[in-house]
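> Give me a 3D structure for the following:
(one chain, ligands or ions: 1)
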Amino acid sequence: MTIPPGSRPTLRFAPSPTGRLHIGNARSAVLNALLARANGGRFILRLDDTDRERSREEHAQAIRDDLAWLGLKPDLVVRQSDRFALYDAAVERLKAAGRLYPCYETEDELERRRKRQAARGLPPVYDRAALSLSAEERAALEAQGRRPHWRFLLEHRTVSWDDHVRGPSHIDAASQSDPVLVRADGAYLYTLPSVVDDIDLGVTDVVRGEDHVTNTGVQIQIFEALGAPAPRFGHHNLLTTASGEGLSKRLGHLSLGALREDGMEPLAVAALAVLVGSAQAVRPVESLDELASLIDLGRLSRAPARFDEAELEALNARTLHHLPFAAVAERLAAAGLPADEAFWLAVRGNLSRFADAAQWRRVVDGPVTPSVEDAGFLAEAAALLPPAPWDETSWGAWTERVRQATGRKGKALFMPLRLALTGLDHGPELKALLPLIGEARARARLAGRTA
Ligand SMILES: Nc1ncnc2c1ncn2[C@@H]1O[C@H](COP(=O)(O)OP(=O)(O)OP(=O)(O)O)[C@@H](O)[C@H]1O
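Purely as a prediction, here's the structure:
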């Protein structure tokens, strides 16, 4: 199953603001945003903040910042905490339809019941005891001060859907407990608000991690009970750490904030987040549009994919090596460097972090203390410098004349010139650097002076 081309789908990324986004969350976020973008649709950020104890405003803000850093701009941002009236209305409809029923068991009672079931070899499925409580029994429990939690009455049948990633999928609702939708303290669990919002916001495609597969069977029944068509679903594989551990926002694993501080490029992070564990080789991209064109939900691996920071380091460098000037002009200026295209094209191939550009700018602008081993050779070479202005052909013309005059070639010719001109034994191609260094600094450095 794919998103019908040209169907203008509505997708959403729905994190709980309980910590910093990690690289696995980025897989969901980037997939949703780029599927919307590639199909002319809408991308919604929905902050799942119904858990008031764990949700924090600072995390909500950090999620928005992280998405902006990745270059993902939601068309709409909603918060579940603003939308309780909708959930309350849905609860009333489900109660009226006989699909939501009050239960009074405590956690301890349920635990004991599960143990008894296990001892008899039965699955730990809620036995619906509360369904047979009479009005008097309920009143008696309430008189003891018990508040009900509310369970959704599942229809015991198989729920099927054609998953974007996993293909034809089904879940036998009879093997599941009726899920609790509303806790005794009135708090909503994830399941119902998510469905209500998907209906209200016209979500056509729910793309999320496979940690949600069992929710999907239940949620399809809730869509039906609320009289709404269910969206299409896709459950992508999860990312783990390089050693195979699961990720959690609350535990602060591999956060986008930390990767950003470490100098990783947002495009590299986005590319690795979606290409690892897919049919596509991990490769650098020049834009999110290019990345969007590589996404094929039907060809994601079914197994968890390992996120390896060493692989990100390598991809980061390869991403920088291809980044066009237009993508970095503003960032160069923000870093206090001239927005100079020739400079960017000269040095990008030598960067492993964007911040390294400053080091090469210093090599161009100086002061550089030349490294001189054979002053006589350098003086001879300086005398052969072509007349300025220089361009990319000047280096070749110059070194050819020096070769003919001195008989030096290869490393013996080039290395002393590099050491004098840059003070370093490695770096960007000199045919690109020489015009940037310019005649005055080049002559000074060849003469052994700091310039
Ligand atoms: N390890 C992971 N790999 C890929 N996707 C993930 C991973 N963990 C969560 N997601 C996806 O990220 C989206 C946001 O989920 P959620 O906010 O529940 O993240 P979480 O990291 O599981 O949260 P928490 O650690 O706070 O429980 C969901 O689509 C979820 O499927």
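> Going by C-alpha atoms from here, please, whenever you check contacts or count neighbours.
Will do.
> any idea which helix or strand carries the most far-flung residue of the chain relative to its centre?
Within the chain, the residue lying farthest from the chain centre (C-alpha atoms, centre = their mean) is residue 405, at 56.5 Å. In the assignment (DSSP states H and E), residue 405 maps to helix 394-406.
> then that helix to CSV, C-alphas only?
Coordinates of each C-alpha in helix 394-406 appear next as CSV, following Å, rounded to 0.1, in the frame of the first residue of the first chain:
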residue,chain,number,x,y,z
SER,A,394,47.4,29.8,-12.3
TRP,A,395,48.6,27.0,-10.0
GLY,A,396,49.0,24.5,-12.8
ALA,A,397,50.8,27.1,-15.0
TRP,A,398,53.1,28.2,-12.2
THR,A,399,54.1,24.7,-11.0
GLU,A,400,54.8,23.6,-14.5
ARG,A,401,57.2,26.5,-14.9
VAL,A,402,58.8,25.6,-11.5
ARG,A,403,59.1,22.0,-12.6
GLN,A,404,60.8,22.9,-15.8
ALA,A,405,63.2,25.3,-14.0
THR,A,406,64.1,23.1,-11.1
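> helices and strands around that helix, which ones?
helix 410-422, helix 430-446 (3 or more C-alpha pairs under 8 Å, 6 or more residues apart in numbering; DSSP states H and E).
> Would you tell me which of these gets closest to residue 98?
Closest approach to residue 98 among those (C-alpha to C-alpha): helix 430-446, 75.2 Å.
> how about the closest one: buried residues?
Residues 430-439, 441-446 are the ones in helix 430-446 that count as buried (16 or more other C-alpha atoms under 10 Å).
> can you give me the strands for the stretch 201-350 of the chain?
Listed in chain order, the strands of the stretch 201-350 of the chain (DSSP state E, counting those that start in this stretch) span 205-209, 232-236, 239-240, 305-306.
> what does this structure put close to the ligand?
Proximity of the chain to the ligand, by C-alpha under 6 Å from any ligand atom, involves residues 14-16, 18, 24-25, 27-28, 208-209, 211, 238-240, 246-250.
> PyMOL command to pick out the buried ones of these?
Selection of buried members from the residues of the chain next to the ligand for PyMOL, criterion 16+ other C-alpha under 10 Å:
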select buried, resi 14+15+16+18+24+25+27+28+208+209+238+239+240+247+248+249
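> Now intersect the residues of the chain next to the ligand with the helices, please.
Counting by DSSP state H, the part of the residues of the chain next to the ligand found in helices is 24, 25, 27, 28.
> How about the contacts made by residue 244?
With contact set as C-alpha atoms under 8 Å, 6 or more residues apart in numbering, residue 244 has these partners: residue 306.
> what about the stretch 51-200 of the chain, any weak spots by pLDDT?
Nowhere does the stretch 51-200 of the chain drop to pLDDT under 70.
> redo that, cut-off 90
Scanning the stretch 51-200 of the chain for pLDDT under 90 picks out 51-54.
> Spell out the residue ranges of the strands in it.
Applying DSSP E, counting those that start in this stretch to the stretch 51-200 of the chain gives strands spanning 76-79, 100-103, 149-152, 158-163, 167-172, 180-182.
> out of those strands, which comes closest to residue 340?
strand 76-79 (36.2 Å).
> Can you give the contact residues for that closest one?
By C-alpha under 8 Å, 6+ apart, strand 76-79 touches 43, 44, 45, 46, 47, 48, 49.
> Now find how far off-centre it is within its chain.
18 Å (C-alpha atoms, centre = their mean, to the nearest Å).
> Contact partners for the residue in the stretch 351-451 of the chain positioned nearest to the ligand?
At 25.5 Å from the ligand, residue 353 is the closest residue in the stretch 351-451 of the chain, using C-alpha to the nearest ligand atom. Residues in contact with residue 353 (C-alpha under 8 Å, 6+ apart) are 263, 264, 265, 316, 317, 320.
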